[in-house]
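> For reference, the sequence and a predicted model appear below.
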Amino acid sequence: MTIQSSARPVDTLLYIELQRFLFREAKFLDRRDYQSWLALLTDDVTYRVRIRSFRDSGAAETDYAVVDDGPVELRKRVAQISNARLSRAENPPSLTRRLITNVEAFHQADEADILVESSLLAFRTRSGIPEGGFYIGKRHDVLRRTGDGFQLACRDVRLDQTVLLEGALSILL
Amino acid sequence: MGFSRRVQDQCWVDEAAATVSRQVFVDDGVFQQEMDRIFFRTWGFLCHETEIENAGNFVIRRLGSAQVVVTRDDQGTVHAVLNSCRHRGAQICRSDSGNARHFVCPYHGWTYDRTGKLVTTTFDQHFPNGFKLSDLSLPKVPRLEHHKGLIFGCWDPDVASLADHLGEFAWYLDPFLARSPLGMEVLAPPHRWRTRCNWKVGALNFAGDSQHVLTTHAGPLTLDPVRAARAGFATAAENSFQVSTDQGHACTLTYLAPGLPAEAYQTHPPDLEPLYTGITPDQREMLKNLRVIVGTVFPNLSFIETQVGPSEKAIIMRQWSPISGTEMEVLSWVLAEREASPDYKKEVLRKGIHNFGAAGVFEQDDVELWASATAASNNPIALQYPYSFHTALPYLQKFEANGKWPGRVYRPADTEVAQFEFMRQWNRWMQAPA
């Protein structure tokens, strides 16, 4: 999917609608209401999380995927972490809070698609690690208009980390 | 006094009882001794040749507790030098990877070439007359050797050759490193994550912890019924086995049992298999019907080859890099045959990281339990109760040797014998005179 971040910004009313989508979606994830969350996804959803490298200033920026899921893999991932019998990392579940800020939204060539950029701060504590830890990064989401609302067609989270400090990532960002 | 003294009196690896003291998995004193007696004395993995393919390419890696820059010079020769300026110690390279003609220390401008040789300081004219600047070149890793695309280094100049270190274990390793004419390729930079557990927990897991698979990984196995069926059959399959060798290397090979649908026995991609000309007929037989191999090259390089999709077989390489007694940094690479198509490589990488990457559906559950075990073991009460490897005991002396397969071969494949053998060899390294 080609993403055009320099395209026309959305108007205020639409902006509020998109932000409301993001807040509601974050609420579902924080509550671990995965059924409601899955209903927000398009059938061809893609979900990527990337981490970065330190490079000399001037050298090409590099990042690489630590998650590169299509719909099949993403649904399996959710089936695992949402089921107490099938997950060790998420049983007991992590306690999480996702803060979504710095939202910008742009129309795309395809009228149905809106690119929504936001900053993500996800805080997570889990059994055995009571002090918790952060995942911080930039999201590029493509939201697709479907009837009366939106669905998430593509999420790309670029973390501002080169080494994941909290073990293997078992929550959705 | 008290508790800690009692712990010190325990032996670390009790060969008669098949137990291992928890101290070796949490204690910083043991960690320091490991640095002195293992990590600065034997071969450590640095990088794959395809990570630094061209002149000037470099990556930063850890060898023992020292950070090194691994570079390729204009002649194609690989060098590994300490990442610390000879002047006042600053890192001469602060990028994770890249391409550089020179390494210029950001502190005072001392400049080193791609081989680590000091070329100029900014005040050459003030050095004593006749001073040879090249005497202040970066300390080189004195021994650097290649094996089938892997580059290893050792800080001990007198260490026996890498070939001696790998010994007969290379026979098991090579079909996953160099089976096709062009060999393997690293598909992306390594994932890196920190985990609050000792490095040996990962090394042991890959040496042969067959018993954790169905419990820890109930998730991905249940959600992929075909894989679950194969895993269940394979554990029971009598042709599966574990291997250990004198240098401390160990691996576990699980084979498909009879009775599966015919397509299950096509374990390697049909269009790549004809390219496997770099292996012997015996090695080819080893690959036949192989569901998964998982192994550890002593001390801290591991690998697994397994199915990640209907027709994709991924090779994952792991380094369990020690940070302290209770912390490691994991590096994880995905590899495929260089001859494979771009689409195949893309899918192997995508599915490889879905399963075994920093957010992998297998990895997340391992890591959680390793950290949990470490936290729960690091107290004076827990330290009095060594870890159990009892299911190794009945099998330790029952190995096949000098048969068709190199090393000591143990059956069945679901005991703890390979793990305990790793710990016995570790103990030998640790008890060796300083």
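Sure, I can see it.
> Let me know whether B:Arg141 touches B:Asp156 as I believe.
Careful, residue B:141 is Val and not Arg. No. Here B:Val141 does not reach B:Asp156: they are 10.1 Å apart, not a contact under C-beta atoms under 8 Å. In this view, the C-beta of every residue, glycine as well, is placed from N, C-alpha and C.
> Compare the two (neighbour count), which wins?
B:Val141 (24 against 12; other C-beta atoms under 10 Å in any protein chain shown).
> What pLDDT does the model give the more buried one?
According to the per-residue confidence, B:Val141 scores 98 in pLDDT.
> With the one 4 residues further on instead?
The pLDDT attached to B:Glu145 in the predicted structure is 98.
> Over to A:Arg124?
Among the per-residue scores, A:Arg124 holds a pLDDT of 93.
> Ok, B:Pro310 next?
Reading off the model, B:Pro310 has pLDDT 80.
> Next: B:Thr235.
Here, the pLDDT recorded for B:Thr235 equals 57.
> Equivalent analysis for B:Phe131, please.
B:Phe131 is assigned 96 on the pLDDT scale.
> burial measure for it, as a count.
B:Phe131 has 11 nearby residues by other C-beta under 10 Å.
> distance of it from B:Arg86?
In this view, B:Phe131 and B:Arg86 are 13 Å apart by C-beta to C-beta, to the nearest Å.
> which stretches of the chain have low pLDDT?
You didn't pick a chain, so chain A it is. Applying pLDDT under 70 to chain A picks out residues A:1-6.
> look at chain B instead
When residues are selected by pLDDT under 70, those of chain B lie in B:1-10, B:225-236, B:434.
> next one: stretch B:273-281 to chain centre, how far?
Stretch B:273-281 has its average C-alpha position 24 Å from the chain's average C-alpha position, going by C-alpha atoms, centre = their mean, to the nearest Å.
> ok, stretch B:98-106 near chain A or not?
Yes. Under the criterion of C-beta under 8 Å from any C-beta of the partner chain, chain A is reached by stretch B:98-106 at B:98-100.
> Return the member of the residues you listed nearest to B:Ser321.
Comparing those against B:Ser321 with C-beta to C-beta places B:Gly98 closest, at 20.4 Å.
> before we move on, the earlier item: any chance of the residues of stretch B:98-106 next to chain A in TSV with secondary structure and neighbour count as columns?
Conversion of the residues of stretch B:98-106 next to chain A to TSV gives the following (DSSP: H, G, I helix; E, B strand; the rest coil; neighbours: other C-beta atoms under 10 Å in any protein chain shown):
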residue	secondary structure	neighbour count
B:Gly98	strand	18
B:Asn99	strand	16
B:Ala100	coil	19
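> mind putting those in CSV, distance to B:Pro261 included?
As requested, the residues of stretch B:98-106 next to chain A are exported to CSV (distance: C-beta to C-beta, whole Å):
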residue, distance to B:Pro261
B:Gly98, 48
B:Asn99, 49
B:Ala100, 53
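> How about the contacts made by B:Thr216?
By C-beta atoms under 8 Å, 6 or more residues apart in numbering or on different chains, the contact list for B:Thr216 reads A:88, B:365-366, B:369.
> if you set the cut-off to 6 Å instead, what comes out?
Counting by C-beta atoms under 6 Å, 6 or more residues apart in numbering or on different chains, B:Thr216 makes contact with B:Asp365.
> How about the one 3 residues further on?
For B:Gly219, the set of contacting residues under the criterion of C-beta under 6 Å, 6+ apart consists of A:80, A:86-87.
> Look at A:Leu143 and give its secondary structure.
When states are read from DSSP: H, G, I helix; E, B strand; the rest coil, the local structure at A:Leu143 comes out as strand.
> Wait, it touches A:Ala112, no?
No. The pair A:Leu143 and A:Ala112 does not pass the contact test of C-beta atoms under 6 Å, sitting 9.3 Å apart.
> Pick out whichever of those two has more residues nearby.
Neighbour tally, A:Leu143 and A:Ala112, criterion other C-beta under 10 Å: the higher count belongs to A:Leu143, 26 against 13.
> List the beta-bridge partners for that one.
The bridge-partner assignment for A:Leu143, based on DSSP bridges, gives A:Ile114, A:Leu152.
> What's the local residue count around the closest residue to chain A within the stretch 1-150 of chain B?
Taking C-beta to the nearest C-beta as the measure, the stretch 1-150 of chain B has B:Asp96 as its residue closest to chain A, at 4.3 Å. Each residue near B:Asp96 was counted by other C-beta under 10 Å, and the total is 19.
> Which parts of the chain are helices?
This is for chain A. A:12-31, A:34-38, A:71-81 (DSSP state H).
> not quite, I wanted chain B
Using DSSP H, the helices assigned to chain B run over residues B:3-9, B:28-34, B:162-166, B:170-173, B:199-208, B:213-216, B:218-223, B:225-236, B:281-287, B:342-356, B:363-377, B:417-431.
> From B:His165, how far off is the residue positioned nearest the centre of chain B?
Centroid check for chain B by C-alpha atoms, centre = their mean gives B:Leu301 as the closest residue, at 1.1 Å. From B:Leu301 across to B:His165, the span is 11 Å (C-beta to C-beta).
> before we move on, what about B:Ala203?
Using C-beta to C-beta, B:Ala203 is found at 15 Å from B:His165.
> again with A:Thr125
On the measure of C-beta to C-beta, A:Thr125 and B:His165 end up 43 Å apart.
> Kindly report the residues of chain B close to chain A.
Where chain B comes near chain A, counting by C-beta under 6 Å from any C-beta of the partner chain, the residues are B:95-96, B:98, B:188-189, B:191-195, B:218-219, B:222-223, B:350, B:354, B:357-359, B:361, B:363-365, B:367-369, B:372, B:375.
> circling back: quick check: which of the helices of chain B is buried the most?
Among the helices of chain B, ranked by average contacts under mean count of other C-beta atoms under 10 Å in any protein chain shown, first place goes to helix B:199-208 (a mean of 25).
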